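> I would like the atomic coordinates for the input below:
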Amino acid sequence: MSRAMSVSLGTFLGCTAAAAALLSCAYCVLSIWAGIRFVRAQASSSLSTRPVSILKPLKGADREMYEALRSHCLLDYPEYEILLGVTEDEDPAVPLVHKLIAEFPHRQLRLIHCRQRLGVNGKVSSLAQLASAARFDLLVVNDSDIRVSQAYLRDIVSELDEPRTGLV
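Residues are numbered from 1 along each chain as shown. Below you'll find the predicted structure:
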């Protein structure tokens, strides 16, 4: 091998090693930044505990409804209420709500009879009546078939704490 070729190969290997080292450093910096951002997000979600009113318009019942409603009573969150709205006294959901209230007497659960018809959409009408009965300004709306994890409210409220977020 000629001397020119060995110098050229040495320069190439040196540049390749330098580029690999630079990319490795950039990756480390990016990983540290991502880790710090993750820890800050976790810390803010554990600090965010504004009181919440959960609005649940109900119509009819299915076989999974009770367990879905029950999951909302097991949330790891300091202060929240659950407002369950029905439009008819004979709705099949009413006995399930009474069973839920009996099982969780320490929870703020209220059955709201949404008797007024506000507009054409029944669900929106119920939500408007539930919102007017809510004790807290922060409202969470979900359907009767939604099962949630214990961190559900902490996760949602932490997202609302972001300055440019108004709806999650």
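> quick one: contacts for the nearest residue to Leu138 once chain neighbours are set aside?
With C-beta to C-beta, 6 or more residues apart in numbering as the criterion, Leu138 has its nearest non-adjacent residue at 4.9 Å, and that residue is Val52. Every C-beta, even on glycine, is put in place using the N, C-alpha and C of the backbone. Val52 makes contact with 77, 79-81, 136, 138-140, 153, 157 under the criterion C-beta atoms under 8 Å, 6 or more residues apart in numbering.
> can you give me the helices in this structure?
3-47, 65-73, 93-103, 122-133, 152-160 (DSSP state H).
> where does this protein have low pLDDT?
Counting by pLDDT under 70, the chain has low-confidence residues at 1-7, 9-10, 13, 22-23, 25-48, 168.
> quick one: contacts for Gly85?
Taking C-beta under 8 Å, 6+ apart, we find Gly85 in contact with 55-58, 111-114, 126-127, 129-130.
> what does Val86 give?
Contact partners of Val86, counting by C-beta under 8 Å, 6+ apart, are 58-59, 93-94, 97, 111-114, 126.
> need the buried ones from those selected in PyMOL.
Buried subset of those, written as a PyMOL selection, criterion 16 or more other C-beta atoms under 10 Å:
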select buried, resi 58+59+93+94+97+111+112+114+126
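> rewinding a little: just flag the most distant two among the contacts of Gly85.
Leu111 and Leu127 (15.3 Å; C-beta to C-beta).
> buried ones in stretch 55-65?
Neighbour counts over stretch 55-65 (16+ other C-beta under 10 Å) mark 55-59, 61, 65 as buried.
> any idea how far Leu138 lies from Val86?
According to C-beta to C-beta, to the nearest Å, Leu138 and Val86 sit 23 Å apart.
> with Ser158 instead?
Using C-beta to C-beta, one gets 31 Å for the distance from Ser158 to Val86.
> and what of Phe104?
In this view, Phe104 and Val86 are 18 Å apart by C-beta to C-beta.
> and for Leu167?
Applying C-beta to C-beta to Leu167 and Val86 gives a distance of 26 Å.
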